[in-house]
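S.K.: sequence first, then the predicted structure:
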Amino acid sequence: MSNFVDYVKIHCQSGHGGAGSAHLRREKYIPKGGPDGGDGGRGGHVIMKGNANEWTLLPLRYTRHIKAQRGENGGKNQLTGAFGEDVYIEVPIGTIARNEEGEVLGEILEDGQEIIIMHGGKGGLGNEHFKSSTNQTPRYAQPGLPGEEGFVVFELKILADVGLVGFPNAGKSTLLSAVSAAKPKIANYAFTTLTPNLGIVDYRNYKSFVMADIPGIIEGAAEGKGLGHRFLRHIERNSILLFLIPADSEDHYHEFKILENELKEYNPELLDKDFLLSISKSDLLDDELKREIAAEFPENRQPLFFSGVTGEGLMELKDAIWKKLHG
């Protein structure tokens, strides 16, 4: 089983509000004390909280139901009931919560950020609120209101500086393992990577950036083929994109255009991101073949050549990425 989980659905229920009190004041020397009931306490909220130490929704995978505490009833002496205890759901940064209709309830963008996704029920008013000149001893109080309830979908879109875009077996995992300490699964077959992998890439003068190896696209991914939308949504949060075309591709530029079209079909705004083009596995090429491949691309779309196996061109690739990120 993979440790990376990017989608869970949980039934959430906030706390019921406590009832107001209908208590009447009864003391030895105050024969007609009047209404004395306090308000009910608010029910507990269900709160989504960002945690920078979490990177997957795996801890929530087997959670079926989350319920916050009920507010306590009001008491005598106009004492308000205690609020129900809030329930916190800790999620990675980049998590979106939606209701059953698909409406966004909140989005976590920083560590410690809190968003109420289910509000606790309001506590009922005590009888003190209902006294009047014509009704000086009301013997009734409001009940508390029920809390909100429903299914919430939590969806994680990973945050990275650069996302690797390419067909299966394009060399994305090899690149990530070559430039960072990440250890993605690497093998000579398609769809080796089934879940995104993140790696911190060391750069000059102790600088660094985050690279994401994302499962490969196939033609038709925007319609759900292959890993479909489950993969494509992770691209939305990357600052820049690095397209990888393998050196042994039959038509390098055509392959790039297919990848570009899949992003456009899924979300046209993805094409507004800065991106770089690269030819992976360039240890298979000599200088003449590199020139022939470069000639397939327009002048403003010239690719960078690198090999994750031999290390050829990796420093130049990191320089180009850093320049795009901070240029």
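M.R.: Looks like it arrived, so ask away.

S.K.: now the stretch 1-150 of the chain, which segments are flagged as low pLDDT?
M.R.: 1-4, 30-31 (pLDDT under 70).

S.K.: repeat the analysis, applying 90 as the threshold.
M.R.: Along the stretch 1-150 of the chain, the model assigns pLDDT under 90 to residues 1-7, 19-37, 52-62, 75-78, 92-94, 100, 102, 109, 126-141.

S.K.: can you map out the strands along the stretch 101-250 of the chain?
M.R.: Assigned by DSSP state E, counting those that start in this stretch, the strands in the stretch 101-250 of the chain fall at 104-107, 114-118, 149-156, 160-165, 197-202, 208-213, 238-246.

S.K.: to His65, which of those lies closest?
M.R.: In terms of C-beta to C-beta, the element of the strands of the stretch 101-250 of the chain nearest to His65 is strand 149-156, at 10.0 Å. From N, CA and C alone the C-beta is placed, and that goes for glycine too.

S.K.: residues in contact with the closest one?
M.R.: Taking C-beta atoms under 8 Å, 6 or more residues apart in numbering as the criterion, the residues outside strand 149-156 that touch it are 5-14, 48, 56-57, 60, 89, 91-92, 94-100, 105, 117-118, 233.

S.K.: which of the residues you listed fall within strands?
M.R.: Using DSSP state E, the members of the contacts of strand 149-156 that fall within strands are 7-13, 48, 89, 91, 95-98, 105, 117-118.

S.K.: mind giving me the ChimeraX select for those, buried ones only?
M.R.: Listed next is the ChimeraX selection for buried residues among the ones in strands among the contacts of strand 149-156, using 16 or more other C-beta atoms under 10 Å:
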select :8,10,12,13,48,89,91,95,96,97,98,105,117,118
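
S.K.: just checking, Ala170 touches Ile245?
M.R.: Yes. The pair Ala170 and Ile245 passes the contact test of C-beta atoms under 8 Å, sitting 6.8 Å apart.

S.K.: returning to that earlier point: can you say which of the strands of the stretch 101-250 of the chain is packed in most?
M.R.: Comparing the strands of the stretch 101-250 of the chain by mean neighbour count (mean count of other C-beta atoms under 10 Å), strand 160-165 ranks first with a mean of 24.

S.K.: in its sheet, what does it sit against?
M.R.: Strand 160-165 sits in its sheet next to strand 208-213 (parallel), strand 238-246 (parallel), going by DSSP bridges.

S.K.: next, the angle strand 238-246 makes with the strand or helix carrying Met315.
M.R.: Under the criterion of DSSP states H and E, Met315 resides in helix 314-326. If you take axes from the mean of the first three to the mean of the last three C-alpha atoms, to 10 degrees, helix 314-326 sits at 150 degrees to strand 238-246.

S.K.: wait, Gly308 sits on Ser280?
M.R.: Yes. Gly308 is in contact with Ser280 according to C-beta under 8 Å; the separation is 6.7 Å.

S.K.: could you tell me which residues touch both of those two?
M.R.: By C-beta under 8 Å, 6+ apart, the residues touching both Gly308 and Ser280 are Gly171, Thr174, Leu175.

S.K.: and the last one, how far from Met211?
M.R.: Separation of Leu175 from Met211 (C-beta to C-beta, to the nearest Å) stands at 8 Å.

S.K.: any common contacting residues for those two?
M.R.: Counting by C-beta under 8 Å, 6+ apart, the residues touching both Leu175 and Met211 are Leu164.

S.K.: surely Ile117 meets Met48?
M.R.: Yes. Using C-beta under 8 Å, Ile117 is in contact with Met48, at 5.2 Å.

S.K.: quickly list what's touching both of the two.
M.R.: Between them, Ile117 and Met48 share the contacting residues Ile89, Ala97, Leu105, Gly106, judged by C-beta under 8 Å, 6+ apart.

S.K.: turn those into TSV, columns for distance to Gly123.
M.R.: Listed next are the shared contacts of Ile117 and Met48 as TSV, based on distance: C-beta to C-beta, whole Å:
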residue	distance to Gly123
Ile89	23
Ala97	25
Leu105	23
Gly106	24
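
S.K.: CSV for the strands of the stretch 101-250 of the chain, including distance to Leu284?
M.R.: Listed next are the strands of the stretch 101-250 of the chain as CSV, based on distance: least, C-beta to C-beta, whole Å:
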stretch, distance to Leu284
strand 104-107, 43
strand 114-118, 49
strand 149-156, 36
strand 160-165, 19
strand 197-202, 24
strand 208-213, 21
strand 238-246, 9
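
S.K.: quick one: closest of those to Leu314.
M.R.: Closest approach to Leu314 among the strands of the stretch 101-250 of the chain (C-beta to C-beta): strand 197-202, 9.7 Å.

S.K.: what angle sits between that closest one and strand 160-165?
M.R.: Per the same axes, to 10 degrees, the angle that strand 197-202 makes with strand 160-165 is 120 degrees.
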